[in-house]
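A.B. asks: Give me the fold of what follows.
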Amino acid sequence: MAVKGSDRHKILAAFEQRIHHSPEAEFACALAEINKIALFRLQALHASQA
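C.D. replies: Numbers count the residues shown, from 1 in each chain. Below you'll find the model as predicted:
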């Protein structure tokens, strides 16, 4: 899970919600989170080189 900008309560709530996902829904959610993490890393890389 991309936790940047989330507090402990939001993270735990997301876990509680996602535990009930079907494998297909969880896979889609996981891909979206991977995209967020990649975006955060690219933004940090860009900021460090600016």
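
A.B. asks: packing partners for the helix or strand containing Leu12?
C.D. replies: Applying DSSP states H and E as the criterion places Leu12 in helix 8-18. For helix 8-18, the contact count by 3 or more C-beta pairs under 8 Å, 6 or more residues apart in numbering; DSSP states H and E identifies no helix or strand as a packing neighbour. C-beta here means a position set from N, CA and C on the backbone, and glycine is covered the same way.

A.B. asks: which residues touch Glu33?
C.D. replies: The neighbours of Glu33, taking C-beta atoms under 8 Å, 6 or more residues apart in numbering as the test, are Met1, Ala2.

A.B. asks: Could you number the chain from 739 rather than 1 from now on?
C.D. replies: Sure thing, new numbering starts at 739, so read that last one as Glu771.

A.B. asks: surely Lys742 meets Leu777?
C.D. replies: No. Counting by C-beta atoms under 8 Å, Leu777 is not a contact partner of Lys742; they are 9.8 Å apart.

A.B. asks: hmm, back to that, output the helix holding Leu750 as PDB, nothing but the C-alphas.
C.D. replies: Listed next in PDB are the C-alpha coordinates belonging to helix 746-756 (Å, rounded to 0.1, in the frame of the first residue of the first chain):
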ATOM      1  CA  ARG A 746      -2.200   5.000  10.900                       C
ATOM      2  CA  HIS A 747      -6.100   5.100  11.000                       C
ATOM      3  CA  LYS A 748      -6.400   5.400   7.200                       C
ATOM      4  CA  ILE A 749      -3.900   2.600   6.600                       C
ATOM      5  CA  LEU A 750      -5.700   0.200   9.000                       C
ATOM      6  CA  ALA A 751      -9.100   1.100   7.600                       C
ATOM      7  CA  ALA A 752      -7.800   0.300   4.100                       C
ATOM      8  CA  PHE A 753      -6.500  -3.000   5.200                       C
ATOM      9  CA  GLU A 754      -9.800  -3.900   6.900                       C
ATOM     10  CA  GLN A 755     -11.600  -3.000   3.700                       C
ATOM     11  CA  ARG A 756      -9.200  -4.800   1.400                       C
END
